[in-house]
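>>> fold the following for me, if possible:
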Amino acid sequence: MTEPTQTDPGKTRPRTPSLMKTAAKGQPSPPALSSKTLAWDDFRLIKAIAERRALPAAAISLGLNHSTVFRRLGQIEAALGVKLFERHRSGYVATPAGDEMAQLAGRVDDDISAFALKLAGQEITPAGELRVTTNDSLLIDLLTPVFAGFLAQCPAIRLDVLLSNQALNLSKRDADVAIRATDNPPETLVGRKAARIAWALYGRAEAFAEAVPVPVESLWERNWVSLGDGFAGLRAVRYLVQHVAPERIVYKVNTVLGLTEAVEAGIGIGFLPCFIADTRPGLTRLAEPDPGFSADLWLLTHPDLRHSPRVRLFLDFMAAELGRMRPLIEGVQPQAARAAAAGA
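Okay, here's the model as predicted:
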């Protein structure tokens, strides 16, 4: 047995500290945060601020509002008793403690993503959501009918299509499958080459009613259109820079679809992917495809997902359908390409 505690009647009896602070009008406030109660969401918040260096941008990435992120940061710093960020005019700069916390969050995030990938690769039946990333020109002029056929054949699977010209991080499940035109797919991904995308020179059909092909050398003084400087890595863009006078490139645009519309509108002539231009009656091919401009079309996924029933079923279906459309993608004669597109 324990003996009863004796108290001095002349002193106020000590009270057990309460976890709840009394707010105005007697309403309790949430429990005070301590370093022992830091949650994963707190680490994610610090990581988001460190990466974006601004509370509004961090809030957007987390799906929160600015005031919530500001308040939560103050609570975390108070709980730890250290400053995690210095506030500068250029933004929020992590202190050594903040940087260490953000790096720890990054390592944990990588581990969680890797674990989720392994679980996704062990699913039993092909069902659920499949995230696919590609670019707008591939989607609109090539892939949408193929996606429709896949969904009709596999109604238990839902597609979430993400349009981006930038490579998404498949290791962190930004997407499950990437469909990209590239000759150098990332070594961290696995997949298969579906076809080789051909490019050729096109002009407005009305302006070239006479026989084609046309010697390219006779076209240097015409108006040209080109992709913008952000696509300087493409061989077709470099070719124009090397051979066409700057004043003759009268129009630049940063999408292949916009470039196609410009040629079709008669702004100028330009190089286009055959799978887009050969299906448009308003365009005519001025020269045969240049093999030097071609790029491989890849179906890519993360190694941990390649045995997932959803992913495997999707990749097999896409490879078969794109293989059937190879005449269109690889730039055979336009008449055959239009017939192939019509049967898609």
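>>> can I assume Glu129 sits in a strand?
Yes - using DSSP: H, G, I helix; E, B strand; the rest coil, the secondary structure at Glu129 is a strand.
>>> beta partners for it?
Beta bridges link Glu129 to Arg158, judged by DSSP bridges.
>>> residues touching it, list them.
By C-beta atoms under 8 Å, 6 or more residues apart in numbering, the contact set of Glu129 is Ile157, Arg158, Leu159, Asp160. Just so you know, the C-beta spots here come from the backbone N, C-alpha and C atoms, and that holds for glycine as well.
>>> repeat the analysis, applying 10 Å as the threshold.
Residues near Glu129 by C-beta atoms under 10 Å, 6 or more residues apart in numbering: Ile157, Arg158, Leu159, Asp160, Asp176, Arg310.
>>> so which of the residues you listed is the closest to Arg72?
Asp160 (29.0 Å; C-beta to C-beta).
>>> which residues in the stretch 51-200 of the chain form helices?
55-62, 66-80, 96-121, 136-138, 144-153 (DSSP state H, counting those that start in this stretch).
>>> hmm, who's touching the shortest one?
By C-beta under 10 Å, 6+ apart, the surrounding residues in contact with helix 136-138 are 143-144, 163-165, 179-181, 197, 255-260, 272-273, 275-276, 297, 329.
>>> can you flag the buried ones in those residues?
143, 179-181, 197, 256, 258-260, 272-273, 275-276, 297, 329 (16 or more other C-beta atoms under 10 Å).
>>> residues near Leu159, how many?
Residues within reach of Leu159, counting by other C-beta atoms under 10 Å, total 16.
>>> hang on, it packs against Leu151?
Yes - with contact defined as C-beta atoms under 10 Å, Leu159 reaches Leu151; the gap is 6.4 Å.
>>> Asp99 against Val82, yeah?
No - taking contacts as C-beta under 10 Å, Asp99 lies outside contact range of Val82: 11.8 Å.
>>> among the buried ones among the contacts of helix 136-138, which one sits closest to Gly203?
Leu272 (10.1 Å).
>>> grab the nearest non-local neighbour of the closest one.
Tyr202 (5.0 Å; C-beta to C-beta, 6 or more residues apart in numbering).
>>> pretty sure that neighbour is touching Glu288, no?
No - assessed by C-beta under 10 Å, Tyr202 is found out of contact with Glu288, at 11.8 Å.
>>> what do these two both touch?
Val212.
>>> and those two? Which one has more around it.
Neighbours per residue, other C-beta under 10 Å: of Tyr202 and Glu288, the larger number sits with Tyr202, 30 against 13.
>>> same list, the contacts of Glu129, but as TSV with distance to Leu138 and pLDDT please.
Converted to TSV, these look like this (distance: C-beta to C-beta, whole Å; pLDDT from 0 to 100):
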residue	distance to Leu138	pLDDT
Ile157	20	93
Arg158	20	94
Leu159	14	95
Asp160	16	94
Asp176	17	90
Arg310	21	88
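>>> could you flag which of those residues are buried?
Looks like the contacts of Glu129 have Ile157, Leu159, Asp176, Arg310 buried, using 16+ other C-beta under 10 Å.
>>> gap between stretch 196-207 and the chain center?
Averaging C-alpha positions (C-alpha atoms, centre = their mean, to the nearest Å) puts stretch 196-207 28 Å from its chain's average.
>>> my error: substitute stretch 175-195 in the last question.
Worked out by C-alpha atoms, centre = their mean, stretch 175-195 lies 13 Å from the chain centre.
>>> show me where the protein has strands.
85-88, 91-94, 128-134, 157-163, 177-181, 190-197, 199-204, 224-227, 249-253, 270-273, 283-285, 295-301 (DSSP state E).
>>> nearest to Asn223, of the helices of the stretch 51-200 of the chain?
helix 136-138 (22.2 Å).
>>> how about that closest one: buried residues?
Ser137, Leu138.
>>> okay, now Asp41: neighbour count?
11.
>>> if you could redo that for His302, that was the one I meant.
As a measure of burial, His302 has 26 neighbours, counting by other C-beta under 10 Å.
>>> next one: it from Asp99, what distance?
28 Å (C-beta to C-beta, to the nearest Å).
>>> where in this protein is pLDDT low?
The model of the chain has pLDDT under 70 over residues 1-36, 114, 116-126, 165-173, 211, 333-344.
>>> can we see that at 80?
Counting by pLDDT under 80, the chain contains low-confidence residues at 1-37, 110-127, 165-174, 209-213, 306, 333-344.
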